[in-house]
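Undergrad: Build me a structure from this.
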Amino acid sequence: MPRRRELDRVLLAVTLLVAVIGVIMVASASGPLARERYGLPEFDFALRQLVAVLLGVVAMLVAAFVPLDLLFRPAFAWTGLGVTWIALAVPYFQPRVAGTCRWLQLPGISLQPSALAKVALPLALASWLTWCRDRRASPGHTFYPALAMTAVTVLLVLLEPDLGSAVLLLAGAVAVLLLAEMSLQPLAALGGGAVAMVALAILAKPYRIERVRAFFGETSYQVQQSLIALGGGGPLGRGLGESTQKLFFLPQPHTDFIFAVIGEEVGLWGATLTLALLGLIVVRALRAARRAPTLASGLLAGGLAVTFAVQALINVSVCLNLMPAKGLPLPLLSAGGSDVLVTLAAIGLVLNVGKEGA
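TA: Alright, predicted model coming up:
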């Protein structure tokens, strides 16, 4: 039996700190937007963010203490992925929101199923790969069904359309498969399919082609305003709440481009500290994966760590004009109830793996 350990207090404390910073920055970035553009109370988005964080903390604590053996049972993990597929499919039969099928509309609430898939897919893959190993299944019987699980999940998200989340799911799945020592042949097939999928997805949508053109040509308006915000902050920033770019110059200052507002208001040092905190979360998650007591828990923690890291990297890279614009939130910092709630639950699973590690 593995020796039980305490929760990783560093990971827990840093996670809570980043979540609190997120609430503060959403309050700062969204006030004028909520009041003037949407006719809402000034702190409406911040209150929603606070509620999402509080619910997420509850989910994180539940995830941190739920028996890991229960999570990896096929009846739980594979059923969870199936339910996620249903949640991803239902929006196609509901009224579109902003021209997309990204939102599952329930009475009194709407959820983004692609956020749930960030946990459901790595969990199902970890359960499947472990189940196959225990039964000494052949590589073909092991990895090709895993590729099918990944392909179905990614395709459902891609058709919403949501290319950013699809890429994120691929990153997490690849991490799990690599940690499971996947052979080169199916891995190459996955890589080739992923490249083809991304290329076709870009070519299928004129606005995506325009984003790629803007990246290699003139800077797009959104990214240009982000760079102005980051440059205007200087080393120490204009001061909390003093951003000028959030005043209807910078699109989506409380979601996709909240890092630009952070840089403008608390400066280079504040933005660097924010990145360091996010990096520390990734490092502690990878540490939990390395010390995991079982293959399944190690695969899950590794997949969740890579997903978190890639999401943060893409968001910040877009703000810094290091890659074409892509609408992904900055984990725990951008406004977005579904993503915040699921991210905190995912970190709870990592805490669970860590406390069970040797």
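Undergrad: Now do the one helix or strand residue 265 maps to, average pLDDT.
TA: Counting by DSSP states H and E, the element that carries residue 265 is helix 258-290. Across helix 258-290, pLDDT averages out at 95.
Undergrad: And stretch 168-176, by the same measure?
TA: Per-residue pLDDT values over stretch 168-176 give a mean of 92.
Undergrad: Relative to the whole chain's centre, how far out is it?
TA: Mean-position distance between stretch 168-176 and its chain equals 11 Å (Cα atoms, centre = their mean, to the nearest Å).
Undergrad: With stretch 255-268 instead?
TA: The answer for stretch 255-268 is 18 Å, by Cα atoms, centre = their mean.
Undergrad: in that stretch, what counts as buried?
TA: Within stretch 255-268, the residues that count as buried by 16 or more other Cβ atoms under 10 Å are 255-267. From N, CA and C alone the C-beta is placed, and that goes for glycine too.
Undergrad: Can I get it in PDB? Just the C-alpha atoms.
TA: The C-alpha trace of stretch 255-268 is given here as PDB (Å, rounded to 0.1, in the frame of the first residue of the first chain):
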ATOM      1  CA  THR A 255     -11.400  37.000 -20.900                       C
ATOM      2  CA  ASP A 256      -9.000  36.300 -23.800                       C
ATOM      3  CA  PHE A 257      -6.800  39.300 -23.100                       C
ATOM      4  CA  ILE A 258      -6.800  39.600 -19.400                       C
ATOM      5  CA  PHE A 259      -3.000  39.100 -19.300                       C
ATOM      6  CA  ALA A 260      -2.700  42.400 -21.200                       C
ATOM      7  CA  VAL A 261      -4.700  44.200 -18.500                       C
ATOM      8  CA  ILE A 262      -2.500  42.500 -15.900                       C
ATOM      9  CA  GLY A 263       0.600  43.800 -17.600                       C
ATOM     10  CA  GLU A 264      -0.800  47.300 -18.000                       C
ATOM     11  CA  GLU A 265      -2.000  47.600 -14.400                       C
ATOM     12  CA  VAL A 266       0.700  45.900 -12.400                       C
ATOM     13  CA  GLY A 267       3.600  46.100 -14.900                       C
ATOM     14  CA  LEU A 268       6.300  43.800 -16.100                       C
END
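Undergrad: Please look at residue 56 and residue 341 and confirm they touch.
TA: Yes - the criterion here is Cβ atoms under 8 Å, and residue 56 meets it with residue 341 at 4.4 Å.
Undergrad: just the strands in the protein please.
TA: Assigned by DSSP state E, the strands in the chain fall at 104-106, 109-111.
Undergrad: Which residue ranges of this protein form helices?
TA: 9-32, 44-65, 68-71, 74-89, 113-134, 139-158, 163-179, 184-204, 206-216, 221-233, 258-290, 295-319, 337-356 (DSSP state H).
Undergrad: So which of these is nearest residue 38?
TA: Proximity to residue 38 (Cβ to Cβ) singles out helix 44-65 among these, at 7.7 Å.
Undergrad: buried set for that closest one?
TA: Buried residues in helix 44-65, counted by 16+ other Cβ under 10 Å: 44-46, 48-50, 52-53, 56-57, 59-61, 63-64.
Undergrad: From the residues you listed, pick the one nearest residue 145.
TA: Among those, and counting by Cβ to Cβ, the member closest to residue 145 is residue 63, at 25.9 Å.
Undergrad: Name the nearest residue to that closest one, ignoring sequence neighbours.
TA: The spatially closest residue to residue 63, leaving aside those adjacent along the chain, is residue 348, at 3.0 Å (Cβ to Cβ, 6 or more residues apart in numbering).
Undergrad: Could I get the contacting residues of the one you found?
TA: Counting by Cβ atoms under 8 Å, 6 or more residues apart in numbering, residue 348 touches 59-64.
Undergrad: tell me how far stretch 248-257 is from the chain's mean position?
TA: 18 Å.
Undergrad: contacts for that stretch?
TA: By Cβ under 8 Å, 6+ apart, the surrounding residues in contact with stretch 248-257 are 25-26, 29-30, 32-33, 36-37, 45, 221-222, 225-226, 228-229, 243, 245-246, 260-261, 315, 318-319, 327-329, 334-336.
Undergrad: ok, residue 344 touching residue 15?
TA: Yes - proximity of residue 344 to residue 15 meets the contact threshold set by Cβ under 8 Å, at 7.1 Å.
Undergrad: what sits in contact with each of those two?
TA: In terms of Cβ under 8 Å, 6+ apart, residue 344 and residue 15 are both contacted by the residues 60, 332.
Undergrad: ok so, going back, make JSON lines from the strands of the chain and add mean neighbour count, distance to residue 181 and mean pLDDT to it.
TA: Formatted as JSON lines, the strands of the chain follow (neighbours: other Cβ atoms under 10 Å; distance: least, Cβ to Cβ, whole Å; pLDDT from 0 to 100):
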{"stretch": "strand 104-106", "mean neighbour count": "15", "distance to residue 181": "36", "mean pLDDT": "84"}
{"stretch": "strand 109-111", "mean neighbour count": "14", "distance to residue 181": "35", "mean pLDDT": "83"}
